[in-house]
Every structure is written in structure tokens, then in C-alpha cells.
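Visitor: Sequence unavailable; structure follows:
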């Protein structure tokens with residue numbers, strides 16, 4: 001058995017047919033799909049297994065469905081790996097907490113189903129800003145916010161030269177224009193609100209009672225949180241972090257770099273397709289070539305990949 005850090009993806013990792021093969025092969029996996037459908041009130045298997053593109057991007061369905069896929073894959077992999085840590089990107093953080101047994105799957109499905117409904121009613125927008133340095137994106141966001149007289153923040157610190165801004169629509173549009181003027185690239189995202197910004201404050205307050213009601217246990221292994229990028233090793237700290245997650249930036253670069261600093265050299269992404277694993281080398285671009293050669297990144301997204309997983 002080997003030691004590694006688990007990575008669980010969030011919104012944007014969904015795809016048609018995700019989780020179907022595993023659910024049809026494992027009754028317990030199918031049971032989790034049915035439970036998610038009962039909790040969310042949505043026909044999740046019909047949406048994702050029949051491949052309705054528009055419905056698949058609806059955060060109300062996406063959040064419980066992707067969480068089911070992540071958790072089912074982890075359950076299948078669990079006997080073959082000894083995690084030294086875990087992290088999840090935005091929504092994926094709840095899968096990481098489930099894997100570390102901080103929250104039970106039933107509670108996680110209740111939380112993400114409500115979270116999806118609340119986020120679907122948001123306002124504002126988001127845009128990916130590419131091919132620009134972090135300090136330049138931060139400056140651009142400040143300028144656009146002042147000129148538009150509206151809220152705008154850097155919401156996702158993904159790999160260097162891949163950031164996401166979030167806020168009022170006018171400010172986001174202005175940021176996109178400024179990015180192009182600075183020879184960057186801007187892509188407005190198809191989302192229902194300004195996620196990971198103060199514009200999610202109302203949704204965060206409405207989610208808070210369910211988070212506080214949940215039983216938060218000591219993690220079986222450290223979970224690195226989006227809020228600050230550092231590991232938490234007790235349930236109370238995990239809860240406090242999640243209470244602020246919806247209104248705060250996702251510090252993914254710091255998360256990966258802190259894991260590396262704490263000794264992680266192997267990462268396993270547990271989800272439908274390769275997203276976070278591709279970010280690992282980019283987040284660690286400050287390393288020399290010899291150190292980069294030590295990095296190992298893998299994807300577990302199917303029964304076959306679990307069977308082929310090597311310690």
C-alpha cells in the first residue's frame with residue numbers, strides 16, 4: 001500500500017455518463033446515486049447518464065451528482081491506497097472531507113444539494129483570466145472594480161497564469177476587456193453567480209445552519225482547505241473553514257505548494273476526468289528540474305483505473 005495525497009475536483013469536471021459503469025457494477029454505488037436523487041429531488045442519473053449538456057451544467061444537479069461520483073470512486077480505491085492528505089477544489093472539498101471521514105456521505109449529500117440550490121440563485125458572473133501573472137491579474141481586478149464602482153475579486157488562484165475573477169457583471173466584463181488589452185486571454189464562465197466572492201454572502205448564511213448542525217469528526221488524514229491552503233487536523237477547524245468557503249477565494253496554488261512542502265510527492269485525482277492533476281506541475285513551477293522529476297500524478301476515474309492502480 002502506498003502513501004499519496006488525494007485530489008477531488010469540483011464544478012467543471014462533470015461529463016456525460018460519469019459514474020455509470022461503477023454504479024452498474026457495484027450495488028452500494030448505485031445506492032448512493034439513488035440517495036442523492038432522493039435528497040436533491042432531481043433525476044441525476046437521467047441527467048448525467050443520458051448526457052443533457054444544459055442540465056449537466058446546472059449547479060443544482062451538478063453538485064450532488066459530482067459528489068456521488070467522487071465518493072464512489074474513493075470507496076472503490078480506498079483499500080489500495082493510504083492517503084497522507086487530501087484536498088478538494090471548491091465543491092470537491094466536501095468529497096475530501098467525506099474521504100477523510102470528517103463528514104459522513106449522507107451529511108455531505110445534504111450539504112451539497114442545498115449548496116447547489118442556493119448557488120443557483122446567485123447574481124453576478126465569473127471569468128477565467130489566462131496568460132497573465134498573478135500580480136497583474138490582482139491589479140487588473142482592483143482597477144476594474146474601481147472603474148466599474150462594483151465588486152470584483154480574484155476568486156480562484158489556480159495554476160500560475162490561470163486565475164478566475166468573480167463579481168458584478170459590469171466589473172467582470174471590464175476585467176475581460178482589460179485582460180485583452182494586456183495581451184492576456186479572458187473567458188466568461190457559464191455560471192449562475194459570482195461564486196467564491198462576497199456576493200455569495202446570503203447563500204452562505206442560509207447554508208450555515210446545516211453546516212453547524214453537522215457532526216464534524218477528526219480527519220483520518222489532513223485535509224488542506226481552500227480558505228487558506230493549509231492542512232486541518234480537527235473537525236472544528238474544518239467546519240470553521242467551510243463556513244467561510246463560499247465567500248472566499250480558492251487558494252489552490254498555495255494548497256498544492258503546502259502539500260509539497262509537507263512532503264507530498266504523489267497525487268491521485270479521484271473524479272470523472274483529469275483536471276486537478278494537470279494543475280499540480282504548474283503549481284510547482286518554481287521547482288528545479290530534478291525536483292519536478294520526483295512528482296507523480298495519476299487519475300482514478302473508472303473501475304479499470306482502480307484495478308490498474310499500482311502501489
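Guide: Happy to help now that I have it. Just so it is clear, the model here is predicted, and its values are computed rather than measured. Numbers count the residues shown, from 1 in each chain.
Visitor: Break down the stretch 51-200 of the chain into its strands, ranges please.
Guide: Along the stretch 51-200 of the chain, counting by DSSP state E, counting those that start in this stretch, strands occupy 81-88, 125-130, 152-157, 162-167, 185-188.
Visitor: For the ones you listed, state which one has the densest average packing.
Guide: strand 162-167 (a mean of 26; mean count of other C-beta atoms under 10 Å). Quick note: C-beta positions are derived from backbone N, CA and C, even for glycine.
Visitor: Each with direction, which strands does it pair with?
Guide: With DSSP bridges as the test, strand 162-167 is paired with strand 125-130 (antiparallel), strand 152-157 (antiparallel).
Visitor: what's stretch 20-33 in contact with?
Guide: If you take C-beta atoms under 8 Å, 6 or more residues apart in numbering as the criterion, stretch 20-33 is touched by 19, 44-45, 48-49, 68, 71-73, 75-76, 105, 109, 302-303.
Visitor: Leaving out the residues flanking it, which one is nearest to residue 90?
Guide: Nearest non-adjacent residue to residue 90, counting by C-beta to C-beta, 6 or more residues apart in numbering: residue 10, 3.8 Å away.
Visitor: Against residue 272, how distant is that neighbour?
Guide: Taken as C-beta to C-beta, to the nearest Å, the spacing of residue 10 relative to residue 272 amounts to 11 Å.
Visitor: what's the overlap in contacts for those two?
Guide: Contacts common to residue 10 and residue 272, judged by C-beta under 8 Å, 6+ apart, are residue 66.
Visitor: higher neighbour count, these two?
Guide: Between residue 10 and residue 272, counted using other C-beta atoms under 10 Å, the more crowded position is residue 10 (27 against 23).
Visitor: wait, isn't the more buried one in contact with residue 96?
Guide: No. Applying C-beta atoms under 8 Å, one finds residue 10 not in contact with residue 96, separated by 10.3 Å.
Visitor: Return every residue with contacts to both of those two.
Guide: With C-beta under 8 Å, 6+ apart, residue 10 and residue 96 have common neighbours residue 88.
Visitor: And for residue 230, nearest residue in space, chain neighbours not counted?
Guide: Of all residues not flanking residue 230 in the chain, residue 258 sits nearest, at 5.8 Å (C-beta to C-beta, 6+ apart).
Visitor: Make sure that neighbour is indeed in a strand.
Guide: No. Counting by DSSP: H, G, I helix; E, B strand; the rest coil, residue 258 is not found in a strand; it is helix.
Visitor: Give the rounded mean pLDDT of the lengthiest helix in the chain.
Guide: The single longest helix within the chain, with elements called by DSSP state H, is helix 59-77. The pLDDT scores in helix 59-77 average 98.
Visitor: Okay, angle between that helix and strand 81-88 too, please.
Guide: 160 degrees (axes from the mean of the first three to the mean of the last three C-alpha atoms, to 10 degrees).
Visitor: which other helices and strands contact helix 59-77?
Guide: Packing contacts for helix 59-77, counted by 3 or more C-beta pairs under 8 Å, 6 or more residues apart in numbering; DSSP states H and E, involve strand 2-8, helix 20-25, helix 27-40, helix 44-49, helix 92-99, helix 105-120, strand 266-270, helix 303-307.
Visitor: Could I get the contacting residues of the nearest residue to residue 228 once chain neighbours are set aside?
Guide: With C-beta to C-beta, 6+ apart as the criterion, residue 228 has its nearest non-adjacent residue at 6.5 Å, and that residue is residue 251. By C-beta under 8 Å, 6+ apart, residue 251 lies in contact with 157, 226-229.
Visitor: just the buried members of those?
Guide: 157, 226-227, 229 (16 or more other C-beta atoms under 10 Å).
Visitor: what are the ranges of the helices in the stretch 101-250 of the chain?
Guide: 105-120, 134-148, 169-181, 201-213, 235-245 (DSSP state H, counting those that start in this stretch).
Visitor: Comparing those, which comes out most buried?
Guide: Among the helices of the stretch 101-250 of the chain, judged by mean count of other C-beta under 10 Å, the one packed with the most neighbours on average is helix 105-120 (a mean of 22).
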